[in-house]
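Enquirer: Have a look at this prediction, sequence included:
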Amino acid sequence: RLDQLKNQLNSSFRQLYQSYEKEKTLLHQRLLSLNLLGKVERQQEGLKQQRRLLLSGMKSQYDSQIARFEKAQDALLSLDTSRIVARGYAIVKDKDRILASSQEVKKGDQLTIQMRDGRLEVEVEDVKQEENI
C-alpha cells in the first residue's frame with residue numbers, strides 16, 4: 001500500500017512538474033515575443049538621436065548669437081568717437097551738444113573742436129554755408 005501511495009505521489013509530482021514546465025515555456029515564449037530588449041534599444045537609440053539634434057540646435061543657436069553679438073560690437077565700435085577722431089576727423093561741440101551742420105552755428109558762438117591729439121576752444125567769426133550739400 002505504501003508503494004502504491006509513493007507511486008501516485010511521484011506521478012502527481014511529475015504531472016505537476018510537466019504542467020509547470022509547459023507554463024514556463026509558454027511564458028518564456030510570450031516574453032520573447034514582446035521583444036522588450038529590442039524596444040528598449042530602439043528607445044535608447046531614439047534618445048541618442050534626440051540628444052544629437054538638441055546639441056546641434058543649441059550649437060547653431062549659440063553660433064548665431066555669437067555672430068549677432070560680434071556684429072553689434074563692431075557697430076558700436078564704429079560709432080566710438082575716439083576711434084573716429086583717431087582716424088583724423090574732428091568733433092565739433094557747442095557745450096556738450098555735438099554739431100552736425102553749419103546751420104546750427106552763428107557768429108560769436110563758443111565751440112570746442114575735439115581732435116586726435118587735443119581740443120581747441122574757438123569763437124566763430126563767420127559762418128559760410130554751402131548750398132550743394
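Expert: Done, it's in.
Enquirer: Quick one: mean pLDDT over the helix ranked longest in the chain.
Expert: Secondary structure assigned by DSSP state H gives helix 36-78 as the longest helix of the chain. The average pLDDT within helix 36-78 is 95.
Enquirer: Please save the CA atoms from whatever helix or strand comes next after that helix in CSV.
Expert: Downstream of helix 36-78, the first helix or strand assigned by DSSP states H and E is helix 81-86. Taking C-alpha atoms only, helix 81-86 is exported to CSV below (Å, rounded to 0.1, in the frame of the first residue of the first chain):
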residue,chain,number,x,y,z
THR,A,81,34.0,108.8,-31.1
SER,A,82,37.6,108.2,-30.0
ARG,A,83,38.1,105.9,-33.0
ILE,A,84,36.6,108.4,-35.4
VAL,A,85,38.8,111.1,-34.1
ALA,A,86,41.9,108.8,-34.2
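Enquirer: What lies in contact with helix 81-86?
Expert: 77, 91, 114-116 (CB atoms under 8 Å, 6 or more residues apart in numbering). C-betas here are computed from N, CA, C, even on glycine.
Enquirer: Please spell out which residues along that helix are buried.
Expert: Residues of helix 81-86 include none that count as buried (16 or more other CB atoms under 10 Å).
Enquirer: where does Gln114 fall, phi/psi-wise?
Expert: In terms of degrees, to the nearest 10, the main-chain angles of Gln114 are phi -90, psi 120.
Enquirer: That one and Lys93 touch, don't they?
Expert: Yes - with contact defined as CB atoms under 8 Å, Gln114 counts as touching Lys93 (6.8 Å).
Enquirer: These two: which is more packed in?
Expert: Gln114 (17 against 13; other CB atoms under 10 Å).
Enquirer: Determine the number of other residues adjacent to the closest residue to that one other than its chain neighbours.
Expert: Leaving aside its sequence neighbours, Gln114 sits nearest to Ile91 (CB to CB, 6 or more residues apart in numbering; 4.3 Å). Burial of Ile91 is recorded as 15 neighbouring residues (other CB under 10 Å).
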